[in-house]
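Q: Whatever this is, show me its structure:
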Amino acid sequence: MTNVQHWLALASIGLSGQRYRELSEHMSLAELLALPASTLQQIGFTSRQAQRLCYEAKPLAEQALAWQAEASDHHVICFDHPLYPPLLKETRQPPLVLFVKGDATLLAKPQIAMVGSRSPSPTGRKIARQLAAELTQNGMLVTSGMAQGIDSECHKGALDAGGKTLAVLGHGLRQIYPNSNKPLAAHIVQAGALISEYFPDIRARAEFFPQRNRIVVGLSTGTVVVEAALKSGSLISAHLAVDYNREVFAVPGAITNPQAAGCHYLIQQGAKLVTCVADILEERALFADNGLAQASEINAIVDLCTQQLLDSLDEQPIPVDLLAERVGITVTDVSIALLELELAGKAAAVPGGYIRVRGT
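A: The predicted structure follows:
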């Protein structure tokens, strides 16, 4: 199997990035995939995982690669891929593989998550759409889950403002849920991307949606909750943001509105109260602290470090994190600069990292 097939095989049995890190201290990816089922069980895999990895994973990997080959905007982003989002990799349970339909380069851009009720008030819808539009106009990339209600309004607000948006789905990318969001999904693919950790043919299940929340939050430097009941998925997202050391913002509402009760609770717990987009933009320093700069700052960093990165490359593969250490900038900025070099034909991604292309 190829390196990508190895990652897909591990992803097909639900292995997390955290568990892979532990295993990688003792063996390579190829060595792990070569172990028999009995040994896999000895090192902590369940019987089902071991059997599936040995006998069922390869066909699933081939199906995923067939999906990728169907269109130029279908991407399989593995854990060691330069476009794998660094902020997501920092979380407790990062997925080993992301399936992306659309512009995969957006994964490493500065993002703000927006979440809220599936049954919002008319005022909540209006606020979500307006905030998303204004965040987009101020250089932020809005990320949400494309659910009915607030999620959809946030995506629409970003698109209305002429910007791009990312939608993280709780199912494979061969289908869209809910069906009513098919036109929105098509628009997002043209001006952003759909993202999923689930293999393309996997259908939506209720338990998948809370799981995808960790990716929505993990991709972003902060999470804005527009409307949420006291017991809701949006509060799960807010708690995940705190766990990931990301900022939480909450929009207040009428004290008689049950859809605002969750936001009021978050404000009482220390979330930043949001009355306008400026309340979010005031935290620009936060984004830099989390390893992400604004778009203009990123461009400047890329220009400054690209030549230095090129000088650091040779014919032996060098991992991205080692390059970041050598150049003295964040892994995020290195990944973006390396992408520029790759597109220019000056660098190439190979197993183990990046090399310099001969003649450059």
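
Q: show me the contacts for the nearest residue to Leu8 once chain neighbours are set aside.
A: Residue nearest to Leu8 in three dimensions, not counting chain neighbours: Ala61, with 3.7 Å by C-beta to C-beta, 6 or more residues apart in numbering. Every residue, glycine included, has its C-beta placed from N, CA and C. Neighbouring residues of Ala61 by C-beta atoms under 8 Å, 6 or more residues apart in numbering: 1, 4-5, 8-9, 12.

Q: switch to 6 Å and redo it
A: Taking C-beta atoms under 6 Å, 6 or more residues apart in numbering, we find Ala61 in contact with 5, 8-9.

Q: measure the most centrally placed residue in the chain to Ala349 for me?
A: Among the residues of the chain, Leu219 comes closest to the average C-alpha position under C-alpha atoms, centre = their mean, at 4.2 Å. As judged by C-beta to C-beta, to the nearest Å, Leu219 and Ala349 stand 21 Å apart.

Q: okay, now Arg52: neighbour count?
A: Using other C-beta atoms under 10 Å, Arg52 is surrounded by 18 other residues.

Q: Surely it touches Ile13?
A: Yes - at 5.1 Å, Arg52 and Ile13 qualify as touching, with contact defined as C-beta atoms under 6 Å.

Q: re earlier: I'd guessed the residue nearest to the centre of the chain sits against Leu88; true?
A: Yes - applying C-beta under 6 Å, one finds Leu219 in contact with Leu88, separated by 5.4 Å.

Q: Make sure His75 is indeed in a helix.
A: No - if the criterion is DSSP: H, G, I helix; E, B strand; the rest coil, then His75 is strand and not within a helix.

Q: which residues does it form a beta bridge with?
A: Here His75 sits in beta bridges with Val100, as judged by DSSP bridges.

Q: what about it, distance to Arg205?
A: Distance, His75 to Arg205, using C-beta to C-beta: 24 Å.

Q: So which of those two has more stuff around it?
A: Comparing His75 with Arg205 by other C-beta under 10 Å, the one with more neighbours is His75, at 20 against 12.

Q: can you tell me how far the more buried one sits from Glu207?
A: Distance from His75 to Glu207, counting by C-beta to C-beta: 25 Å.

Q: cool, Ile215 as well?
A: Going from Ile215 to Glu207 by C-beta to C-beta gives 15 Å.

Q: which of these two has more neighbours?
A: A direct count of neighbours by other C-beta under 10 Å for Ile215 and Glu207 places Ile215 higher, at 27 against 7.

Q: Please work out the average pLDDT along the helix or strand where Ala348 lies.
A: Taking DSSP states H and E as the definition, Ala348 sits inside strand 347-350. For strand 347-350, mean pLDDT rounds to 78.

Q: in that strand, what's buried?
A: By neighbour count on 16 or more other C-beta atoms under 10 Å, the buried set for strand 347-350 is 347, 349.

Q: Packing partners of that strand?
A: Applying 3 or more C-beta pairs under 6 Å, 6 or more residues apart in numbering; DSSP states H and E, we find strand 347-350 packed against no helix or strand.

Q: 7 Å instead?
A: helix 331-343, strand 353-356 (3 or more C-beta pairs under 7 Å, 6 or more residues apart in numbering; DSSP states H and E).

Q: Convert the C-alpha atoms of that strand to CSV, please.
A: The C-alpha trace of strand 347-350 is given here as CSV (Å, rounded to 0.1, in the frame of the first residue of the first chain):
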residue,chain,number,x,y,z
ALA,A,347,9.7,22.1,-3.7
ALA,A,348,7.9,18.8,-3.5
ALA,A,349,6.1,16.9,-0.8
VAL,A,350,7.5,13.3,-0.4
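
Q: Relative to the whole chain's centre, how far out is it?
A: Computed by C-alpha atoms, centre = their mean, to the nearest Å, the chain-centroid distance of strand 347-350 equals 22 Å.

Q: what's next to it, contact-wise?
A: For strand 347-350, contacts defined as C-beta atoms under 7 Å, 6 or more residues apart in numbering pick out 82, 310, 313, 317, 338, 341-342, 354-357.
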